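here are the coordinates; sequence isn't available:
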C-alpha cells in the first residue's frame, strides 16, 4: 500500500496545495465542527468531552486531517502504509494532550495543549524505543508548515499596519541585531555554517518556522533542523512560564511586557499562552509583535538564499554556486508564499460574513496541526541526542544567543512601548 516513488513534489509546494486546499474548502462551505475539550470534573469529562456529539466532531476532524496527511505522503512519494499506523497514533496522543489542556485547573495556569503534546511525545521517545519506520513516517515539518499557512488567515494586514508599526520597528531591530550576534557566537564556537544559519534564524526571527524556512532556503540537514527545533521548543516552555512573572516583578506595563514576550519567545503558541498570563493588552501586543516577525520571515529567507548561494557549502568539495534567480527561487521557502496569499485573501478579498463563518474552524484546525507537530517533535526527540558531547556547542550557542535576545528585546520594548 505504499505510494509510488515515481512521482513526487517538493514539500513546500505540497504544503501550499494542502494548506490552501483546506482554506478554500472552508470558504466554499466545508466547515469542520469544532470539538469541545473543556471540563472541570470527571462528570463533565464523560458527559461533554466524551459525548456522542463531541466524539462525532472529533471523528470528522480526524477524517479531514488524515486525508490531508495521506494526500501529502502520496504527493511527496512517501510510504502511505506506515502512515496508516503512525498518523492515527499521533492523533490519539494529540487528543490526550487537548483533553489535559481542556481541564479548568490547567486553563487557570494558561498551559496550552502544545506543552502536553510535546511532553507526551518526549516521555514516549525517551522511555521507549520507537522503531525507525515509525519515526520516518512522522512528518513534523509538513504539519508545522500547513499550520503556518492557516495562520496566514488570521494575520490581517490592516491590523498590523494600524497597530503594529512599532512592532515592525522592534522586529527589524531585534532580528538584525540578534541574528548577527547569534551567528558571531556560532562562528566563535566553530559551529558549521549550516547549523549556524538555522540556529541564528530560529533565535532571532520566529523560532520553528524560521528554522524551517532557513533549512528550506539552504537545503539544510533534517537532523540539524530537528535538533534546533527541539532546542526552540524546550527553551520556550520555561520562558513562557517565567517571563510574565519577571515582568510583574519589574513592574512593566502590559504593552512593554507584550512586546517583550512577542519579540523574544520563539513560538506563536507559547507567545499567546504567555501573553494570556499577563492580560488582554499584553496578549494583543505580543501577538502583533510576533506577527511582525513572521512578516520578516520571507525577506530573511530570501536574504539567506542569496548569502548561501555566494558562500561555500558545508561540504568543502561542493562547488560554490552563484545566486542566479533560478537557484534563489529553488531555495526560497514556497510555504511563505502560501502564508502571504492566505493573509492577503482574508485581508482584502473575503467578505466579513464569510470570515466570521470560517475563522473559528480554520483557527482550530491550525492549532490542531501545530499540536500534531509538537507531538511528532516529542516522538522524534531524545534528550540523550541533545546533550551528547558533540552537540554541546550548538546548545551553548543557542542559550547565549537566547539570553542576548531576551535582554535586547526588553531594552527595545522599553524604548518603544513605555
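Happy to help now that I have it. Quantities reported herein were computed from a predicted structural model and do not represent experimental measurements.

Low-confidence ranges, the stretch 301-418 of the chain, go.
301-302, 305-306, 308-333, 385-391 (pLDDT under 70).

if you set the cut-off to 90 instead, what comes out?
Within the stretch 301-418 of the chain, the ranges that satisfy pLDDT under 90 run 301-344, 346-361, 363-364, 366-367, 369-371, 373-395, 413, 415-418.

Okay, helices next: where are they in it?
Using DSSP state H, counting those that start in this stretch, the helices of the stretch 301-418 of the chain run over residues 325-331, 334-344, 352-380, 383-386, 392-417.

What residues sit buried inside the last one?
Translated: helix 392-417. By neighbour count on 16 or more other Cβ atoms under 10 Å, the buried set for helix 392-417 is 393-395, 397-398, 400-402, 404-406, 408-410, 412-413, 416-417. Placement of C-beta: from N, CA and C, glycine included.

re earlier: please identify which of the helices of the stretch 301-418 of the chain is closest to residue 52.
helix 352-380 (19.7 Å; Cβ to Cβ).

Taking helix 334-344 as reference, get the angle to the closest one.
Angle, helix 352-380 to helix 334-344, by axes from the mean of the first three to the mean of the last three Cα atoms, to 10 degrees: 150 degrees.

and helix 352-380, what does it pack onto?
When contacts are defined as 3 or more Cβ pairs under 8 Å, 6 or more residues apart in numbering; DSSP states H and E, helix 352-380 packs onto helix 11-27, helix 52-75, helix 80-101, helix 113-127, helix 132-136, helix 140-151, helix 222-250, helix 268-278.

Now do that helix against helix 140-151, angle only.
For helix 352-380 against helix 140-151, the angle between stretch directions is 160 degrees (the same axes, to 10 degrees).

What residues of helix 352-380 count as buried?
Buried residues in helix 352-380, defined by neighbour count with 16+ other Cβ under 10 Å: 358, 361-362, 365-380.

Any stretches of the stretch 51-200 of the chain with poor pLDDT?
73-82, 101, 104-119, 121-122, 125-176, 178-180, 187, 190-200.

buried set for the host helix or strand of residue 177?
Element membership for residue 177, per DSSP states H and E: helix 165-188. Going by neighbour count (16+ other Cβ under 10 Å), the buried part of helix 165-188 is 166-168, 170-175, 177-179, 181-183, 185-186.

cool, and stretch 116-129?
For stretch 116-129, burial by neighbour count (16+ other Cβ under 10 Å) applies to 116-122, 125.

Between these, which sits nearest residue 206?
Closest approach between the buried residues of stretch 116-129 and residue 206, by Cβ to Cβ: residue 118, at 17.6 Å.

correct me, but the closest one touches residue 232?
No - at 11.0 Å, residue 118 does not count as touching residue 232 under the criterion of Cβ atoms under 8 Å.

How about the contacts made by residue 393?
189-191 (Cβ atoms under 8 Å, 6 or more residues apart in numbering).

let's see 10 Å
185-186, 188-192, 195 (Cβ atoms under 10 Å, 6 or more residues apart in numbering).

before we move on, what about residue 118?
Contacts of residue 118 (Cβ under 10 Å, 6+ apart): 97, 112, 230, 233-234, 236-237, 371, 373-379, 381.

closest to residue 292 out of the helices of the stretch 301-418 of the chain?
Closest to residue 292 of the helices of the stretch 301-418 of the chain is helix 392-417 (Cβ to Cβ; 11.6 Å).

Let me know the angle separating the closest one from helix 165-188.
Going by the same axes, to 10 degrees, helix 392-417 makes 160 degrees with helix 165-188.

Hey, what's the angle from helix 392-417 to helix 222-250? Just curious.
Relative orientation of helix 392-417 versus helix 222-250 (the same axes, to 10 degrees): 40 degrees.

Serialize the helices and strands packed on helix 352-380 to a markdown table and add fields for distance to residue 343.
Formatted as a markdown table, those follow (distance: least, Cβ to Cβ, whole Å):
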| stretch | distance to residue 343 |
| --- | --- |
| helix 11-27 | 11 |
| helix 52-75 | 21 |
| helix 80-101 | 26 |
| helix 113-127 | 22 |
| helix 132-136 | 33 |
| helix 140-151 | 9 |
| helix 222-250 | 23 |
| helix 268-278 | 14 |
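
Deepest in the core, which of the ones you listed is it.
The highest mean neighbour count among the helices and strands packed on helix 352-380, using mean count of other Cβ atoms under 10 Å, belongs to helix 140-151: a mean of 27.

Please give the centre-to-centre distance between it and its chain.
Distance, stretch centre to chain centre, for helix 140-151: 7 Å (Cα atoms, centre = their mean, to the nearest Å).

Now do stretch 394-402: distance to the chain's middle.
That offset, for stretch 394-402, works out to 19 Å (Cα atoms, centre = their mean).

who touches that stretch?
178-179, 181-189, 191-192, 195-196, 198-200, 202-204, 224, 227-228, 231-232, 234-236, 239, 264-266, 386-388.

Kindly recompute the last result at 7 Å.
178, 181-182, 185-186, 189, 191, 195, 199, 203, 227, 231, 235, 386 (Cβ atoms under 7 Å, 6 or more residues apart in numbering).

Over to stretch 133-144?
With Cβ under 7 Å, 6+ apart, stretch 133-144 has contacts from 11, 15, 72, 79, 82-83, 86, 208-209, 212, 369-370, 372-373, 376-377, 379-380.

rewinding a little: now the contacts of residue 393 as a markdown table including distance to residue 245?
Putting the contacts of residue 393 into a markdown table (distance: Cβ to Cβ, whole Å) gives the following:
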| residue | distance to residue 245 |
| --- | --- |
| 185 | 27 |
| 186 | 31 |
| 188 | 32 |
| 189 | 31 |
| 190 | 37 |
| 191 | 32 |
| 192 | 37 |
| 195 | 33 |
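
What is the nearest of the residues you listed to residue 275?
The shortest approach to residue 275 among the contacts of residue 393 belongs to residue 185, at 28.2 Å (Cβ to Cβ).

Tell me which of the helices and strands packed on helix 352-380 lies nearest to residue 354.
helix 11-27 (6.3 Å).
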